[in-house]
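**Student:** have a look at this prediction, sequence included:
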Amino acid sequence: MYLGIDFGSSGVRGVLIDGALQGRAHTALPLSGALDDPKVWLALLPPLFRSLRAQCPEGMEALRALAIDGTSATLLLCDGLGQALFPALLYSDQRATAEAQEIAQSWPQAGIAGAASSSLAKLLWLWRNVPAVRGARFLQHQADWIAARLTGKPGLSDRGNLAKLGLDGATFRYPQPLLHLLGKHGVPARILPQARREGADLGPVHPDWAARLGIPADTRVRAGCTDSVAAAIAAGLHETGQALSSLGSSLAIKVASRRPVADGAAGIYSHMLDDLYLVGAASNSGGAALLRHFSRPEMMELSCLLDPSQPTGALVYPLPGMGERFPRHAAHWSGSMPPAGPPAWQFQALLEGLAYIEAWAYALLAEHGAPCNGPIRSMGGGADNAAWMQMRANILNRPVAVLTDNEAALGAALLAAAPDLGGLRQIQAGRRPETRLITPTPAVVAAYAPHTAAFRRHFANAGNTSP
């Protein structure tokens with residue numbers, strides 16, 4: 001049995017497999033729990049494991065390995081025991097704008113490590129502004145910090161989580177310009193994690209945690225990945241041109257490619273996964289932006305009133321707060337609001353805005369040499385909205401394949417199993433993820449096309465920030 005654990009903005013999810021699905025569970029983040037508090041992350045694990053054990057007691061007794069995915073560039077600095085010295089800086093945090101500018105000037109080839117939301121920019125900001133972290137021994141990201149707590153072995157990470165720190169994923173080495181930049185700021189290179197391939201063995205679960213979670217003492221912890229890479233694994237991306245949109249609190253897209261694409265100024269980066277590159281980017285827009293305007297029950301009611309065959313004509317760029325990463329870089333911009341109108345019309349305008357952003361994002365990846373082919377695989381909470389899926393197909397002018405089993409935790413479970421089952425590529429080649437296909441309607445595609453183009457022109461210089 002193999003377990004995948006996915007840490008997201010709403011809590012933690014677990015998927016238990018033995019080739020087939022054996023159990024799944026979700027533990028929500030408590031209302032009083034801060035997302036940036038790592039102690040809260042750990043507190044979510046025991047109830048998750050209890051729920052899985054109640055569903056499949058024999059499976060949990062036979063657990064061989066687990067892997068964890070978490071939000072990319074959610075950063076912690078820790079002491080010699082691996083304890084966090086300061087609350088985590090979350091994946092979407094863009095306070096390190098000055099540090100990003102400095103990285104761009106001193107290391108123009110930094111790529112995504114030069115963005116304000118990158119791990120490297122956050123590290124420099126913390127070192128400059130929080131004296132308490134200057135005695136740090138370990139730098140960790142969400143997924144590898146949790147893995148380190150389970151094994152008692154801090155200081156290890158997968159190369160995907162280290163991409164936004166500046167690691168060269170092909171060589172597993174930190175480039176000299178990065179080390180020079182850290183030295184300039186007095187940041188000791190010894191805090192940098194040792195890089196491991198995704199799925200590599202990190203050691204057994206510590207006996208104390210094994211007892212606390214009710215799993216075998218010889219359960220192995222294997223190197224995980226970012227949440228978007230886990231989603232790509234679950235979606236079965238293993239051939240060039242296959243694409244995935246993760247429609248959660250934010251929007252993340254991936255396109256499988258034989259060559260890396262990196263443009264830090266544009267927010268495009270590449271993760272390695274076996275012999276492929278996952279070229280992608282992430283927008284802050286998504287489900288969290290919708291919650292600024294409507295509650296979840298309201299959105300469920302309004303979804304019945306959507307008309308995906310008739311564009312509203314509104315151009316709305318929904319953001320959950322200050323700052324956008326991609327397809328526009330605008331750290332001090334809060335998006336735009338829907339015009340006045342009936343709630344169902346406003347809701348449709350917001351959903352159209354999300355799809356326009358997605359279409360712009362895929363166009364940019366194609367312009368950078370990573371075009372997508374075939375249907376766009378889709379997963380996440382937003383994929384449950386059938387009317388929006390048809391709207392997306394019409395705006396993207398491409399079939400949308402909604403994944404029936406659409407949890408990133410499944411990708412982490414497959415990663416945990418890969419070393420024992422012939423490798424990830426062999427597993428992926430033998431899988432056929434179940435999908436529900438939504439095709440575009442030509443007449444409606446034509447109706448939306450002018451608005452899609454107008455959206456990109458209208459918001460090209462949003463926030464007065466150069467890309």
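**Tutor:** Right, received. Where do you want to start?

**Student:** where in the stretch 1-150 of the chain is pLDDT low?
**Tutor:** 31-33 (pLDDT under 70).

**Student:** domains for the protein, by residue range?
**Tutor:** For the chain, automatic domain parsing gives the domain ranges 2-227, 236-405+434-464.

**Student:** now those as a markdown table including distance to P419?
**Tutor:** Heads up, the C-betas are built off the backbone N, CA and C, glycines and all. Listed next are the domains of the chain as a markdown table, based on distance: least, C-beta to C-beta, whole Å:
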| stretch | distance to P419 |
| --- | --- |
| domain 2-227 | 6 |
| domain 236-405+434-464 | 12 |
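
**Student:** nearest to A418, of the ones you listed?
**Tutor:** Among the domains of the chain, the nearest to A418 by C-beta to C-beta is domain 2-227 (4.8 Å).

**Student:** first vs last residue of that closest one, how far apart are they?
**Tutor:** End-to-end distance for domain 2-227: 18 Å, by C-alpha to C-alpha, to the nearest Å.

**Student:** please apply the same query to stretch 177-193.
**Tutor:** 17 Å.

**Student:** how about C372, secondary structure?
**Tutor:** coil (DSSP: H, G, I helix; E, B strand; the rest coil).

**Student:** that one: what's it in contact with?
**Tutor:** 241-243, 255, 362, 365-366, 398 (C-beta atoms under 8 Å, 6 or more residues apart in numbering).

**Student:** just the ones of these in helices?
**Tutor:** Secondary structure assignment by DSSP state H places 362, 365-366 of these in helices.

**Student:** tabulate the residues you listed (a markdown table), appending pLDDT, distance to A25 and neighbour count.
**Tutor:** Converted to a markdown table, these look like this (pLDDT from 0 to 100; distance: C-beta to C-beta, whole Å; neighbours: other C-beta atoms under 10 Å):
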| residue | pLDDT | distance to A25 | neighbour count |
| --- | --- | --- | --- |
| Y362 | 97 | 33 | 21 |
| L365 | 96 | 34 | 25 |
| A366 | 96 | 38 | 12 |
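
**Student:** of those residues, closest to M299?
**Tutor:** Here the nearest of the ones in helices among the contacts of C372 to M299, counting by C-beta to C-beta, is Y362; it sits at 24.5 Å.

**Student:** is it true that the closest one touches L396?
**Tutor:** Yes. Y362 is in contact with L396 according to C-beta atoms under 8 Å; the separation is 7.0 Å.

**Student:** overlap in contacts, those two.
**Tutor:** Residues touching both Y362 and L396 (C-beta under 8 Å, 6+ apart) are I376.

**Student:** correct me if wrong, but G4 is in a strand.
**Tutor:** Yes. Assessed with three-state DSSP, G4 lies in a strand.

**Student:** contacting residues for it?
**Tutor:** Contacts of G4 (C-beta under 8 Å, 6+ apart): 14-15, 17, 66-69, 230, 408-416.

**Student:** what is the burial count for A170?
**Tutor:** 10 (other C-beta atoms under 10 Å).

**Student:** what's near enough to touch it?
**Tutor:** Counting by C-beta under 8 Å, 6+ apart, A170 makes contact with M272.

**Student:** wait, a strand at it?
**Tutor:** No. The assignment for A170 by three-state DSSP gives coil, which leaves it out of any strand.

**Student:** got phi/psi on it?
**Tutor:** Main-chain torsions, A170, degrees, to the nearest 10: phi -80, psi -30.

**Student:** over to Q22?
**Tutor:** When read as degrees, to the nearest 10, the backbone of Q22 gives phi -120, psi -20.

**Student:** is it correct that Q140 is in contact with G82?
**Tutor:** Yes. Judged on C-beta under 8 Å, Q140 makes contact with G82 at a distance of 7.4 Å.

**Student:** need the residues touching each of these two.
**Tutor:** Residues touching both Q140 and G82 by C-beta under 8 Å, 6+ apart: 148, 154.

**Student:** of these two, who's got more company?
**Tutor:** Between Q140 and G82, counted using other C-beta under 10 Å, the more crowded position is Q140 (29 against 18).

**Student:** in a strand, the more buried one, correct?
**Tutor:** Yes. Counting by three-state DSSP, Q140 is located in a strand.

**Student:** low-confidence ranges, the stretch 351-467 of the chain, go.
**Tutor:** Across the stretch 351-467 of the chain, the ranges flagged by pLDDT under 70 are 464-467.

**Student:** in it, which spans are strands?
**Tutor:** Along the stretch 351-467 of the chain, counting by DSSP state E, counting those that start in this stretch, strands occupy 376-379, 400-403, 435-438.

**Student:** I'm done for today, thanks for sticking with me.
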